[in-house]
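Chemist: structure, please.
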Amino acid sequence: MLDFSILTTNFDVFMQGFFNTIKISVIGLMGSFVLGVIVAVMRIAPFKILNFFGACFVEFIRNIPLIIIVFFFYFGLSKYVDLSGFVAGTIGLSIYTASFIAEAVRAGIQSVDKGQMEAARSSGLTYLQTMRLIILPQAVKIVIPPIGNQFINLVKNTSILTVVAGGELMYFGDIIAQKNFQIFDTYIFVGMFFLVLTIPLSLFVNHLERRLARSY
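Modeler: Model (predicted):
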């Protein structure tokens, strides 16, 4: 049987980590989405140098562990900039997730009829205006479900920040486990808090997928 006294006694500590996890997730989603869209546009831009840098970013970031990226910002940049575990971890998480969002957005852009780009350019719009006003709004609508799945992954990946004292749910779970020596029960409750976040998100993403499928 689970020892629910762990939850009741340390509820305020659990909630501090819970809300920090939400904060990291929201900041990470916004940062990774903006960066991901920029990289996606670079990958399909009619400039080889931009294609090269966009491809390098995606292939490099996607193929190294998230924890290495977090360590780079926390231990590497800390020699030059004073970054807390929260800030360094959130930046690393945003950059890591951006590489996956970039590929999703690129696929969405490429699924838009090429004739729309040609028509917009022939009407006098620049490449950036065409992307911003015509192509990207359609592409983002197409890739909302996969981006939603990446957001769920981002929420779960916040647990990596515990290695740099990021102040998220897993970090405070570690503190509670070390204090009461009931490791198994403590992490069961940590997992439950994560489920409180991820299950509603999963249901919402599934709802979006069905709604968008009907609209198409």
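Chemist: from now on I want contacts and neighbour counts done on CA atoms only, so please keep to that.
Modeler: Noted.
Chemist: quick one: low-confidence ranges for the chain?
Modeler: 212-216 (pLDDT under 70).
Chemist: can you give me the strands in it?
Modeler: With DSSP state E as the criterion, the chain has no strands.
Chemist: tell me where it has helices.
Modeler: Using DSSP state H, the helices of the chain run over 5-9, 11-44, 48-62, 66-71, 85-111, 114-122, 127-130, 136-157, 169-180, 183-215.
Chemist: contact partners of the third one?
Modeler: Among residues not part of helix 48-62, those counted as contacts by Cα atoms under 8 Å, 6 or more residues apart in numbering are 39-40, 42-45, 95-96, 99-100, 102-103.
Chemist: need those in JSON lines (columns: neighbour count and distance to residue 55).
Modeler: Shown next, in JSON lines, are the contacts of helix 48-62 (neighbours: other Cα atoms under 10 Å; distance: Cα to Cα, whole Å):
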{"residue": "39", "neighbour count": "26", "distance to residue 55": "8"}
{"residue": "40", "neighbour count": "27", "distance to residue 55": "9"}
{"residue": "42", "neighbour count": "21", "distance to residue 55": "8"}
{"residue": "43", "neighbour count": "24", "distance to residue 55": "6"}
{"residue": "44", "neighbour count": "17", "distance to residue 55": "10"}
{"residue": "45", "neighbour count": "16", "distance to residue 55": "11"}
{"residue": "95", "neighbour count": "25", "distance to residue 55": "14"}
{"residue": "96", "neighbour count": "27", "distance to residue 55": "14"}
{"residue": "99", "neighbour count": "26", "distance to residue 55": "10"}
{"residue": "100", "neighbour count": "22", "distance to residue 55": "12"}
{"residue": "102", "neighbour count": "28", "distance to residue 55": "10"}
{"residue": "103", "neighbour count": "18", "distance to residue 55": "10"}
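Chemist: can you tell me which of the helices of the chain is most buried?
Modeler: helix 85-111 (a mean of 23; mean count of other Cα atoms under 10 Å).
Chemist: give me the distance between it and the centre of its chain.
Modeler: Relative to its chain's centre, helix 85-111 lies at 6 Å (Cα atoms, centre = their mean, to the nearest Å).
Chemist: re earlier: need the helices of the chain in TSV (columns: distance to residue 163).
Modeler: Converted to TSV, those look like this (distance: least, Cα to Cα, whole Å):
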stretch	distance to residue 163
helix 5-9	23
helix 11-44	14
helix 48-62	19
helix 66-71	8
helix 85-111	9
helix 114-122	46
helix 127-130	40
helix 136-157	12
helix 169-180	8
helix 183-215	16
